[in-house]
Every structure is written in structure tokens, then in C-alpha cells.
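# Attaching a predicted model along with its sequence, questions to come.
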Amino acid sequence: MAEVALEPQAGVPDQGPDRVAGRSPWALAWRRLRRNRLALASLLLFVVIVVMSFGAPFYADHIAHTDPFVNNVNGTTIVDGKKVPLMEQGGGVLKLGVTPIGPTWDIHHYFLGSDTQGRDVAARILYGGRSSLEIGIGSAIIACLIATVLALVAGFYSGLTDSLLSRLMDVIWAFPVYLLAICIATVLLTAPNGLKVGPLHVEASSLWLPTLIIGFIYVPYVYRPVRGSVLSVAEKEFVEAAVAQGASNRRLIFSEILPNVITVVIVLLPLMIATTILTEAALSFLGVGVQPPGASWGTIISDGQNLLYTRPWVAIAPGIMIVLTVLALNVLGDGIRDALDPRAKLRVEG
Amino acid sequence: MGTFIIRRILWTLLVMFVITVLVFLIFFETPGVDPARQIAGRNPSASALKEIRHQFGLDEPIPIRYVDMMKKLFISRDLVSYSNQGEPVVPQIVAAMPATLSLVFGAAIIWVVMAIVMGVSAAVLRGTVFDPLLMILALIGISMPVFWLGEVMNLLSQHQFHDSVVFSWVPGLGYYPFTQDPFLWFKGLLIPWITLSVLYIGLYARVLRASVLEIQNEDYVRTARAKGLSERQVLRRHILRTSMITFVSLFGLDFGALVAGGVLLTEVVFGIHGVGFLTYQSLTNLDLPVIMATVVYGAFFIVLANALVDIAYAWLDPRIRLA
């Protein structure tokens, strides 16, 4: 990659009319990101996946003309202009029982075939993508928000507050995330009325349940790096200067420290979304994430497990969507880190 | 060093205590969750519920229940399962451990070797087309859900190409004990090993590449080069040695987490009845004694791995133990 722009030197005034106007660090970061073609391609891919997933109702209503949430075992569809039943008699290896039809590769009629309940797999993958993305993005934002607030409090007040919070985070960290998430999810799913904590009431079938659980378990993963950077920023001279001016704690935290640690959170966000999407898929695959008849990429892979040897596309296709989404987010996250990370030493580019 | 180790051990015990209390509370104190109802099955009568509560000691206060369960788990070792009444819990875990350990150990060997090869090659080949290519491969590995990869592997090796030369050696799903037939054990685990290691190969190769590139700019590496050491010696004795510090600590934590139950998904997909599988089964039955036992077992491994890493770290790097 070409030589990146030098960081603007503080206190050096622009000299002469041929000098470019001063740029904010954000503008510089954006310029660096824009030159990273791989990162831009990933951003585009991610946007395409998001748009497709959120366009699921449109696809189901206007293109495929199907409702992917109702049982349709006795339904029919059209292949090569001929009407065929969704459930084929004597399909599969053993030529016994019924097998749902496989991919027709016809975008209007069961593009990726049908599942055991006669539902359009392609439409379910789009709807599933919507749930997966909502849960993934929502829980990553929740984790980042909670972690940032806790890290600011711990790093700013230090002392006992910091010790207590950090030890608590260490304990959660010490536990394998998947196990913790599965534990909490299983218990909450058995509660007849969902989760009730004070005024907060979350139905067991609501997407908020996995979102909150996943958001909660990843708090320590964001907390650690953010707290570290709060601690180092809090010792900087400009904070001392603000203290000397008699700034309130609120101003110190929100106007002096927060803007200087927010880059850490921004770098972590896409990587966290990638992680939370994978976690959601795992929970749903095990049956403790999105609940039927709802769909997510994980539940569809789980549906496809029984059809693996006869209709492999049911399990393969949602997996490909997960890989593409997570890959795009990881590449984008790397690009954002390269563009924003002030520690240029870590930026290893050709 | 002595006080450092003692401090670590005390902290370790505290973490284990907090984790067990946390899991206990999740199961007994989550609003709306009633373990007695779980044990009783569908639509139990009020008297049956009361009977069950008494029989399982659920009418006792929480701290007493906790102490009682821990006592049965650690001291008398006669904790029995809720859903499979009379079945002792500890032997179940002991019986499941060889499968989990075999799976994680084998995968760990593959991922360490592959990650070092990939990470170092990428760093050395920087500037050529191979570096980005290897790193994209690593990223793809990181981006794949392990259970999906497992299913695809199953599809290929058990079905699609099972009759071809490539995969005809693959035995059916499940775990074949080493003591019965070591060769079958190896054949049965090879595909699960590869599946499990893919994610970690990707992660570690990336970490290793970044750390090799970073260390390359250190003064002592320049000194080593200036002394006239060959590139190979510089890489092996100066760069890789330092990179290994991060590598070893990551490895300890991941290995601990996997043995502790992180392999659950891989075990479920490949039908390997290890500790993760046991945890999964007990969770679906809400079989609290088994869950508690697996959690304690898992926490033990994680905390042990953490402590070992910390001690190894302190031994490698004096700055840490003096801090």
C-alpha cells in the first residue's frame, strides 16, 4: 500500500495557500480505509448481505410467493413448467419415505429446495439472516456499551472500584463463553414466562433473549482492552490540565477520556459482531438460541442436519452465508484497525 | 516467586468458588425457573411437586443446598443425577474424559504445527503473493462455524466420497477407545481433529505472523544480524523464541477452555461422547448435579491452565512477577 498520510503535527500552522486544510483524525482514518481495497470490498459484501437479509419479506412476498414460517408439506411447486409435489416419494439413498425437493435453482420457486416441513429454504435463509444479523449486531453493541461504561468507571475511579470490577470480569472471562451462554440460555428457556427482572420482561421466543445473553457474556472481552486504554489515557497531561482547570468528573470522563478511547471500541466492534454472529449460530444450532418457528442461520443448519445426506444444501447454504458475513466483518475489522490504530508499529502492511 | 505462586493459587480457588456459586444461582434463583417442575415432568400435581422438593432437598435454603451438593461432589463423591436417578455423577465424568482429552490433544498438535508453519512462512514471504494468500486462508478458517465445518466434513467423508479411495478408511461417527484399537482410535479421530484445529490454525498463524513482523524491528534482532548470524539462526533463536511467549500463553488458555467443555460443539457433531457431550445432554435435561459437576470440572481445568500460563509467564519474563 502507498505511503499513508503523516499524522498532523499539533501546533504546526498551515503554511501558505498550497497547504491542505487540517483534517480530523476521523477523516484521515477514513482516507486510509478508502485506500484499502480489500476492506472496502468486505464492507460492500457485508452491506449486500444486510440488504438481502432485511429484504427477506419482499423476497418471500413478491418473488418466491411463499410463507417460510408455515408448514407446507402437502404443497406443490413448479419445476421446468411442471407442477411437482414438495415431498418426493422414495427419495434419498434408501428410496424410502419422503424427501423434500432439492434446489430448483429457479429464483421464483424453491430456489434452494424445501425443508422437511415444506418451507422454502432460500426464503428462510434470508429471514434467518435477518435474525442472525439483528442478534449479532445488537449483542455486540450491548457488550461494547456495557463494557465501555464499566471500563470508564473502573479506569477513572481506579482503586477498589477498579479491583472489584476487574476481578468480576476475570471470573466471567475464566468460564468458557459457549458453556456460559448455553447454561444461561437453557435455564431461561425453561422459564414459562421468559426472563423477568424488575420492569424488564423478555419473552422466551423473543430475539432479545439470545441478544441479551450473548451481549452479556462478551462484556469482559471488550472491557479488558478498553480499561487498559482508559488507564493510560487518564494519566496523560491533557487530563491533568483539565483537572487543574477544575473540570468535573463528568467532563473528565465524557469529554476528555471517552473520545480518546472510543477508537478502541470502534476497532473492536466489527470483530465483536463477527464473534457474536458465530456464537448465535452455535446457540441456535444447539436449540437454545432462536426458537421455532423463527429462523436463524444456526437453526437452519440444525434443520439440515437430518437432511444432510439427501439434501445437503439445506445445511450448507446457511453456513456459506455465515462464513461470508463473518469473513467480511473480520477483513473489515482488520482494515478499520489499520486505519485507526494509533500504534503504527502494529500496522504491518506491505 | 514463592509468594507469587501462593497468591495465584488463592486467587484460583476464589475463582472456582465464585464460578460454582454463579452456576448454582443461575439454576436455582433465576426468576420463573423451578427445578422441581423440571424433575417432575409435565403437569405435576402440587403434592407431587412438594414431595420432589423435599426428596431432592430443594426446600432447604440456598447456602445449605450449595454446601450439600459440594460435599457430595468433593468429599463423599456420591452425587447422583436428577434425571437418571441413582446414576452417580463423578464416574460419568471420569469415563467421558479420555474422549475429550484425545480430541483436544490431537487437535492441539495439528494446530500448533500448522500455525507455526503458516505464520512463519507468511512473515518470511512478506511482500510476495503468498503472504496475503496464507492470511486469507487463515481468516477463512477463523470465520467458519466449527459445527458447520464438521457437518460438511461428515457429508464428504461419511457420504459423498465415502466409497472413493480418499475417504473409504473413515469409520462411522463416534469415539473408539485407544485401549481397544489404537489404529481405529486414530482413524476415527483424524477428521474431528482437523475440524477442531482449523479455527486455531487461523488464529495462531495470524498472531504469530504479526509478532514475528513486530519483533523483526527490535534492536536485539538487528544486533543479531549485525553479528553476522544467518537469517535462519536469527529467526529460530531470536525472533521465534520471543514470539513463543505470546503463543504459549494463548495456547494454555485455549487448551484449558477446550478441555473444560469448549469442544462441546465438535463432540456433538461427531457423536463423540466426551465431557462436552455430557454437559450438553445434562443441559437439555436440566440435570443440575451433572451440570454442576461438569462446570466444576471445567472451571478446574481453565483455572489450572490460567495458573500454569501465569507461572510460566512469570518465569519467562521477570517484569511480570515483580509488578
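Nice, thanks for sending it over. Numbers count the residues shown, from 1 in each chain, chains lettered A, B, ... in the order given.
# Show me what from the stretch 101-250 of chain B comes close to chain A.
Residues of the stretch 101-250 of chain B found near chain A (CB under 8 Å from any CB of the partner chain) are B:126-127, B:131, B:139-140, B:142-145, B:147-149, B:151-152, B:154-155, B:158-160, B:209-210, B:213-214, B:217. Using the backbone N, CA and C atoms, a C-beta is placed for each residue, glycine as well.
# Quick test: name the residue nearest the centre of the chain.
Defaulting to chain A. A:I273 (2.7 Å; CA atoms, centre = their mean).
# actually it's chain B I care about, not the one you picked
Closest-to-mean residue, chain B, CA atoms, centre = their mean: B:L258 / 0.5 Å.
# ok, now how distant is that residue from B:I19?
17 Å (CB to CB, to the nearest Å).
# can you check A:L252 too?
According to CB to CB, A:L252 and B:I19 sit 35 Å apart.
# out of those two, which sits in the busier spot?
Shown here are A:L252 and B:I19; by other CB atoms under 10 Å in any protein chain shown, B:I19 has more neighbours (22 against 17).
# Show me which residues of whichever strand or helix holds the more buried one are buried.
Using DSSP states H and E, the secondary-structure element containing B:I19 is helix B:2-29. Using 16 or more other CB atoms under 10 Å in any protein chain shown as the test for burial, helix B:2-29 gives B:4, B:8, B:11-12, B:15-16, B:18-20, B:22-24, B:26-28.
# for that helix, packing partners?
helix A:159-173, helix A:177-190, helix B:62-70, helix B:288-316 (3 or more CB pairs under 8 Å, 6 or more residues apart in numbering or on different chains; DSSP states H and E).
# who touches the shortest one?
Looking back up the chat, that one is helix B:62-70. For helix B:62-70, the surrounding residues in contact (CB atoms under 8 Å, 6 or more residues apart in numbering or on different chains) are B:T20, B:V21, B:F24, B:L25, B:F28, B:E29, B:G57, B:L58, B:E60, B:L79, B:P289, B:M292.
# For it, output the C-alpha coordinates as CSV.
What follows is helix B:62-70, C-alpha atoms only, in CSV (Å, rounded to 0.1, in the frame of the first residue of the first chain):
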residue,chain,number,x,y,z
ILE,B,62,-29.8,-22.0,49.1
PRO,B,63,-26.5,-21.9,51.1
ILE,B,64,-27.3,-25.3,52.6
ARG,B,65,-28.1,-26.8,49.3
TYR,B,66,-24.9,-25.5,47.9
VAL,B,67,-22.8,-26.9,50.7
ASP,B,68,-24.6,-30.2,50.5
MET,B,69,-24.0,-30.5,46.8
MET,B,70,-20.4,-29.6,47.0
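# Return the set of buried residues in the next helix-or-strand element following it.
Following helix B:62-70 in sequence order, the next helix or strand is helix B:89-124 (DSSP H and E). Residues of helix B:89-124 classed as buried by neighbour count (16+ other CB under 10 Å): B:89-90, B:92-93, B:96, B:98-100, B:102-104, B:106-108, B:110-112, B:114-116, B:118-120, B:122-124.
# Doesn't B:F178 lie inside a strand?
No: per DSSP: H, G, I helix; E, B strand; the rest coil, B:F178 lies outside any strand segment and is coil.
# Near it, how many residues? Count them for me, please.
B:F178: 15 neighbours (other CB under 10 Å).
# again with B:Y313
17.
# Distance check, it against A:V264.
23 Å.
# cool, and A:W30?
Taken as CB to CB, the span from A:W30 to A:V264 is 18 Å.
# neighbour count winner among these two?
Between A:W30 and A:V264, counting by other CB under 10 Å, A:V264 is the more crowded of the two (24 against 15).
# was I right about the more buried one contacting A:V226?
Yes: between A:V264 and A:V226 there is a contact under CB atoms under 8 Å: 5.4 Å.
# ok so, going back, narrow the residues of the stretch 101-250 of chain B next to chain A to those that are buried.
B:126, B:131, B:139-140, B:142-145, B:147-149, B:151-152, B:154-155, B:158, B:209-210, B:213-214.
# Whether stretch A:223-238 contacts chain B - can you check?
No: Stretch A:223-238 is not in contact with chain B by CB under 8 Å from any CB; minimum separation 12.8 Å.
# Show residues contacting that stretch.
Identification of contacts with stretch A:223-238 by CB under 8 Å, 6+ apart yields A:147-148, A:150-152, A:154-156, A:158, A:162, A:165-166, A:169, A:173, A:239, A:256-257, A:260-261, A:264-265, A:268.
# give the contact list for A:Y127.
A:S53, A:A56, A:P57, A:A60, A:P68, A:F69, A:A295.
# next one: A:E256
Counting by CB under 8 Å, 6+ apart, A:E256 makes contact with A:V233, A:F238, A:V239, A:A242, A:A247.
# on that earlier part again, go through the contacts of stretch A:223-238 and flag which are in helices.
Residues of the contacts of stretch A:223-238 located in helices (DSSP state H): A:147-148, A:150-152, A:154-156, A:162, A:165-166, A:169, A:173, A:239, A:260-261, A:264-265, A:268.
# how much distance is there from stretch A:181-193 to the middle of the chain?
A distance of 22 Å separates the centroid of the chain from that of stretch A:181-193, by CA atoms, centre = their mean, to the nearest Å.
# er, stretch A:257-264 I mean
Counting by CA atoms, centre = their mean, stretch A:257-264 is centred 21 Å from the centre of its parent chain.
# for the record, mean pLDDT for that stretch?
The average pLDDT within stretch A:257-264 is 89.
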